[in-house]
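Peer 1: Sharing a model prediction with you, sequence too.
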Amino acid sequence: MADLFGSPATADSDPQQPAPNRPLADRLRPQSLGEVIGQEQVLGPEAPLGVMLASGSLSSLIFWGPPGVGKTTIARLLAKETDLHFVQISAIFTGVPELRKVFEAARIRRQNGQGTLLFVDEIHRFNKAQQDGFLPHMEDGTILLVGATTENPSFELNAAVLSRSQVLVLERLSLADLERLTQRAEKELGRALPLSGDARDALHEMADGDGRALLNLIEQVAAWKVEAPLGREALSNRLMRRAAKFDKSGDEHYNLISALHKSIRGSDPDAALYWLARMLEGGEDPRFLARRLTMMSTEDIGMADPQANTVCLNAWQTYERLGSPEGELALANAAVYLALAPKSNAVYVGIKAARRLAKQTGSAPPPKHILNAPTKLMSEQGYGDGYAYDHDAEDGFSGQNYFPDGVKRPVLYQPVERGFERELKRRTDYFANLRAKRNK
């Protein structure tokens, strides 16, 4: 499968198929690493692969990135640059018997003086036992492994495989990269695409950073017989926009909810609406979003605006009653409210500190003066002795100690000078001063 997109194919092409009839992506397959568009952060002279090739020492690699950014092509060209035999397999279609044959062929090849670059597409699809099967062949030099994955290797690949490989992140192609690719395609086709400048931009947006998708779109556009260049609207009517990348159970799911959370924490309602919309358009369950918005109201806003939690719960309930799409507006209202609300994580920080203290103090009992004494024996043990009833104290505050004996009084809740918590800070300071006076 072709990924990227260089000059027209050469003698490595299929001689049985005339060049003009081959798919455009195959005809534009790069013949050297220098022809690859994009990925300078990996291929540049001072980038990881550039340094490895210059030093003549190539290690096993894991390419992590979205579809259509050059993972397969770069692996193939690495084998060419290093005179390694290129073998490509897919984890989706390869089982243990096929892997054994691959390893045996690589072993024989090595005995005959040639190494093997084994490219494993969708390597995260292999289970733990299958991934472990690569280790001895990597260690003894039978294969140089280059794996490709669209999922986060930290979660999907064994630690043992990761420890023997370098993870390289390949990025979605920029609009400038896609324009360069379009120009190469036009040169190969021998004519310009029948598109206005605005429509050309729209074509690049439709590809969504995927070079292979762009070449497929270009091939469709180039086949049209039109009398004048098409505008954006006409192009959109003729072509279906590529669905935005979103996996409700994968890495992108967590990336986008993180973006939404950070936008709300950063008090940016426009960004919050954008990421909320991205997830809804990607098919995310609105109930998941309602739950996460409610969590944000307690974690990032807390007592700075106690109403925020109520707004989120009401939005959740509204969605449950209206459903989609009408109920999604309630979630948008909640997202904007949270973004513009005063922020405080004082309670969040306080409860985490309290839990750490609870673990440290173990089973330390409450002080006896705040324990009830419903039996004679408990009274004889001193339960309740010396308890000061706060309502009878001056200012309704006794200032007694409520922490276990021997535990130094901590300050766990430290309200901020924002929103309603400004008032709570005034109150905590007031009681702290009273307590200091009572305990002199």
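Peer 2: Right, received. Where do you want to start? Numbers count the residues shown, from 1 in each chain.
Peer 1: hang on, Gln39 packs against Arg172?
Peer 2: No - using C-beta atoms under 8 Å, Gln39 is not in contact with Arg172, being 10.4 Å away. Yep, even glycine has a C-beta here, placed from its N, CA and C like the rest.
Peer 1: Find residues that contact each of the two.
Peer 2: Common neighbours of Gln39 and Arg172, using C-beta atoms under 8 Å, 6 or more residues apart in numbering, are Val69.
Peer 1: quick one, which of these two is more surrounded?
Peer 2: Between Gln39 and Arg172, counted using other C-beta atoms under 10 Å, Gln39 has the larger neighbour count: 25 against 18.
Peer 1: Phi, psi for that one please.
Peer 2: phi 60, psi 30 (degrees, to the nearest 10).
Peer 1: How about the one 4 residues further on?
Peer 2: Leu43 has phi and psi values of phi -100, psi -10 when expressed as degrees, to the nearest 10.
Peer 1: what's the average pLDDT for the longest helix along the chain?
Peer 2: Determined from DSSP state H, the single longest helix within the chain is helix 421-438. Helix 421-438 shows a mean pLDDT of 92 in the predicted model.
Peer 1: any idea how far it is from the chain center?
Peer 2: In terms of C-alpha atoms, centre = their mean, to the nearest Å, the centre of helix 421-438 is set 43 Å apart from its chain centre.
Peer 1: Could I get the full set of strands for the chain?
Peer 2: Along the chain, counting by DSSP state E, strands occupy 61-64, 85-90, 116-121, 144-149, 166-169.
Peer 1: possible to save those as JSON lines with distance to Cys312 and mean neighbour count?
Peer 2: Formatted as JSON lines, the strands of the chain follow (distance: least, C-beta to C-beta, whole Å; neighbours: other C-beta atoms under 10 Å):
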{"stretch": "strand 61-64", "distance to Cys312": "35", "mean neighbour count": "24"}
{"stretch": "strand 85-90", "distance to Cys312": "44", "mean neighbour count": "16"}
{"stretch": "strand 116-121", "distance to Cys312": "42", "mean neighbour count": "25"}
{"stretch": "strand 144-149", "distance to Cys312": "36", "mean neighbour count": "25"}
{"stretch": "strand 166-169", "distance to Cys312": "35", "mean neighbour count": "16"}
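Peer 1: Any chance of JSON lines for those strands, columns mean pLDDT and distance to Gly399?
Peer 2: Listed next are the strands of the chain as JSON lines, based on pLDDT from 0 to 100; distance: least, C-beta to C-beta, whole Å:
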{"stretch": "strand 61-64", "mean pLDDT": "95", "distance to Gly399": "58"}
{"stretch": "strand 85-90", "mean pLDDT": "95", "distance to Gly399": "71"}
{"stretch": "strand 116-121", "mean pLDDT": "96", "distance to Gly399": "68"}
{"stretch": "strand 144-149", "mean pLDDT": "95", "distance to Gly399": "60"}
{"stretch": "strand 166-169", "mean pLDDT": "94", "distance to Gly399": "57"}
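Peer 1: Turn these into CSV, including distance to Pro374.
Peer 2: Output for the strands of the chain, formatted as CSV (distance: least, C-beta to C-beta, whole Å):
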stretch, distance to Pro374
strand 61-64, 63
strand 85-90, 71
strand 116-121, 69
strand 144-149, 63
strand 166-169, 63
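Peer 1: got any ranges where the stretch 251-400 of the chain has weak pLDDT?
Peer 2: Applying pLDDT under 70 to the stretch 251-400 of the chain picks out residues 251.
Peer 1: Might you list the low-confidence residue ranges for the stretch 101-250 of the chain?
Peer 2: 240-250.
Peer 1: need the contact list for Gln39.
Peer 2: Counting by C-beta under 8 Å, 6+ apart, Gln39 makes contact with 69-70, 74, 170-171.
Peer 1: State the distance from it to Arg180.
Peer 2: Separation of Gln39 from Arg180 (C-beta to C-beta, to the nearest Å): 13 Å.
Peer 1: what do you get for Arg125?
Peer 2: Distance, Arg125 to Arg180, by C-beta to C-beta: 32 Å.
Peer 1: Repeat that for Phe420.
Peer 2: 54 Å.
Peer 1: Compare these two and say which one has the larger neighbour count.
Peer 2: Each of Phe420 and Arg180 has its neighbours counted (other C-beta under 10 Å); Phe420 has more, 19 against 16.
Peer 1: That one against Gly302, yeah?
Peer 2: No - using C-beta under 8 Å, Phe420 makes no contact with Gly302, being 9.5 Å away.
Peer 1: got a list of what the residue positioned nearest the centre of the chain touches?
Peer 2: When C-alpha atoms, centre = their mean is applied to the chain, the residue found nearest the centroid is Asn255 (2.9 Å). For Asn255, no contacting residues are found, by C-beta under 8 Å, 6+ apart.
Peer 1: what are the ranges of the helices in the stretch 1-150 of the chain?
Peer 2: All helices of the stretch 1-150 of the chain, identified by DSSP state H, counting those that start in this stretch, fall at 24-27, 40-43, 48-55, 71-82, 96-111, 128-132, 135-139.
Peer 1: now swap in the stretch 301-440 of the chain and tell me
Peer 2: Taking DSSP H, counting those that start in this stretch as the test, the helices found in the stretch 301-440 of the chain are 307-322, 328-340, 346-361, 376-380, 421-438.
Peer 1: Quick one: distance of the third one to the chain centre.
Peer 2: What separates the centre of helix 346-361 from the centre of its chain is 29 Å, taken as C-alpha atoms, centre = their mean.
Peer 1: Now tell me what touches it from outside.
Peer 2: Residues contacting helix 346-361 (C-beta under 8 Å, 6+ apart): 298-300, 302-304, 404, 407, 410, 412-416, 421.
Peer 1: what residues are up against the closest residue to His204 other than its chain neighbours?
Peer 2: Counting by C-beta to C-beta, 6 or more residues apart in numbering, His204 lies nearest to Leu178, which is 4.3 Å off, once chain neighbours are set aside. Remark: with contacts taken as C-beta under 8 Å, 6+ apart, Leu178 is in contact with 204, 207, 209, 211, 214.
Peer 1: What distance do you get for Leu178 to Gln41?
Peer 2: Taking C-beta to C-beta as the measure, Leu178 falls 17 Å from Gln41.
Peer 1: Mark which of the contacts of Leu178 are part of helices, please.
Peer 2: 204, 207, 211, 214.
Peer 1: Tell me which two of those residues sit farthest apart.
Peer 2: Distance extremes for the ones in helices among the contacts of Leu178: the farthest pair is His204 and Gly211 at 10.5 Å, using C-beta to C-beta.
Peer 1: Spatially nearest residue to Leu175, not counting backbone neighbours?
Peer 2: His204 (5.2 Å).
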